[in-house]
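Participant: what would the 3D arrangement of this be:
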Amino acid sequence: MDTITYHKATLDDIRSIIDCRTTFIIDFAGEQPENFAEGFDESFKDYLNRELNKTYLVCIVKQNYVIAGMGGLVIREQPGNFKNPTGRSGYFMSMYTYPEFRRKGICTGILNLLTAYGKEMGLTTFELHATKEGEFVYKQNGFKMHHEPTYRKYI
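Facilitator: The predicted structure follows:
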């Protein structure tokens, strides 16, 4: 029986986070120059060591102990507005499920878990940029096209 598990990433997961984000970028933007990973790896590792579970939350999904996907939530703060007076919001990024694990509800599970973490932190607004392949999942989970090319969900 296939067991799918979700967990909030820790510093022990840094290598897996970097590898998955690298795969996501290549899948989304195409092959990168050979030296791409050198600067990226070190920079992203530094960022994760500083910001993981502070301003950047990551959910890792495994099926039978194999990484099936992951997603991130950046906590943003800016001056408020009428719909979001605190100015604090969550930005979903690097939402990625490896092809062999797709169509199993993994992206929705990641969205739900990261949204719950964000709500615990007092966030009431969430947004993301979607690929064509991801639009259906986000719309199905309450995101609506914003007048910018951005999806938003108010809770």
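Participant: show the average pLDDT along the one helix or strand Ile18 maps to.
Facilitator: Secondary structure from DSSP states H and E places Ile18 in helix 14-29. Mean per-residue pLDDT for helix 14-29: 91.
Participant: would you mind pulling the contact partners of that helix?
Facilitator: The contact list for helix 14-29, computed with CB atoms under 8 Å, 6 or more residues apart in numbering, reads 9, 32, 37, 40-41, 44-45, 48-49, 52, 58, 60, 67, 69-70, 72, 94, 96, 98, 131. From N, CA and C alone the C-beta is placed, and that goes for glycine too.
Participant: using ChimeraX, define a selection of the buried residues within those residues.
Facilitator: Only the buried entries of those go into this ChimeraX selection, using 16 or more other CB atoms under 10 Å:
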select :9,37,44,48,52,58,60,67,69,70,72,94,96,98
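Participant: all strands for the protein, in order.
Facilitator: Using DSSP state E, the strands of the chain run over 4-8, 56-63, 66-77, 88-97, 125-128, 144-145, 151-154.
Participant: need those strands in JSON lines with distance to Ile26 and mean pLDDT, can you?
Facilitator: Putting these into JSON lines (distance: least, CB to CB, whole Å; pLDDT from 0 to 100) gives the following:
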{"stretch": "strand 4-8", "distance to Ile26": "24", "mean pLDDT": "95"}
{"stretch": "strand 56-63", "distance to Ile26": "19", "mean pLDDT": "97"}
{"stretch": "strand 66-77", "distance to Ile26": "15", "mean pLDDT": "96"}
{"stretch": "strand 88-97", "distance to Ile26": "11", "mean pLDDT": "96"}
{"stretch": "strand 125-128", "distance to Ile26": "20", "mean pLDDT": "94"}
{"stretch": "strand 144-145", "distance to Ile26": "27", "mean pLDDT": "88"}
{"stretch": "strand 151-154", "distance to Ile26": "23", "mean pLDDT": "83"}
